[in-house]
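Q: Sharing a model prediction with you, sequence too.
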Amino acid sequence: MNEPGSMVLSAQGISRGFRQGPKRVEVLKDVNLQVPAGTSVAIVGASGAGKSTLLHLLGGLDKPDQGEIFLDGKSLWGMGDRERSDIRNSRLGFIYQFHHLLPEFTALENVAMPLLIRGESSSKARQMATDLLEKVGLDQRLDHKPGELSGGERQRAAVARALVGNPGCVLGDEPTGNLDERTARNVFGQLLELNSALNTSLVMVTHDMRLAGRMNQQFELHMGVLKPI
């Protein structure tokens, strides 16, 4: 659980570019972002603007060319691979446009898996997973595999999986982009409710300005520059 007023995640002067043939394309230019505890942040921008690249950097999945990413006040790239992996597993949750649930496991097993990887006992992991699945309305679907769930149910299970370990921050890459409008609103509403109830920060990339407008802060990424809307 985050301490009220604490700074969970921050990016300071990060830049990232890629080679495209003989040219180098600068995707992110001197990006700064502060994510306090319990805050929800929307990042919008055109396709190809670098939103997913920024999210990967914030999550420690990619290293910036310049600048620093801090999680709980610690530089992600100032620590070793093992420490970075451990803090990512314990303090970050990830939700993607496609749920990425493992098809051979039940909803309960999918949600419990991050806790088992962390070393929690099977009984504690299953209980914590059950509690989160109940919160997202899947208490009657615990033993169903992803193929037996609707699209909205699969994405709600993915939300529960991201939140089950009480992370400091959840990073969402178009987490409702593959759903119809009504289901997207419902899943997003539950995500915001849990964001508030658990005091977990939320950073979400979205193309939907209506959903972005329901979050505490909105930023636009344009030509590599991140600015508040």
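A: Received the coordinates, thanks.

Q: Please count neighbours and contacts with C-alpha atoms only from this point.
A: OK.

Q: Let me know the pLDDT of the residue nearest to residue 206 when sequence neighbours are not counted.
A: Using CA to CA, 6 or more residues apart in numbering and skipping residues adjacent in sequence, the residue nearest residue 206 is residue 174, 4.9 Å away. For residue 174, the model assigns a pLDDT of 83.

Q: same check, this time on the one 5 residues further on
A: Model confidence at residue 179, given as pLDDT, is 73.

Q: Around the residue nearest to residue 206, how many other residues sit close by?
A: Residues lying near residue 174 (other CA atoms under 10 Å) number 20.

Q: Then the one 4 residues further on?
A: Residue 178 is surrounded by 16 other residues when neighbours are defined as other CA under 10 Å.

Q: Contact partners for it?
A: Applying CA atoms under 8 Å, 6 or more residues apart in numbering, we find residue 178 in contact with 97-98.

Q: likewise residue 30?
A: 12-15, 67, 225.

Q: Please, which helix or strand holds it?
A: Using DSSP states H and E, residue 30 maps to strand 23-36.

Q: Show me which positions of that strand end up buried.
A: Under the neighbour-count criterion of 16 or more other CA atoms under 10 Å, strand 23-36 has 27-29, 31-33, 35-36 buried.

Q: In the chain, where is pLDDT below threshold?
A: The chain contains residues with pLDDT under 70 at 1-5.

Q: could you pull out the helices for it?
A: Applying DSSP state H to the chain gives helices spanning 51-58, 81-91, 107-118, 122-135, 151-163, 181-197, 209-212.

Q: So which of the contacts of residue 30 wins on neighbours?
A: When neighbours are counted by other CA under 10 Å, residue 15 leads these with 23 neighbours.
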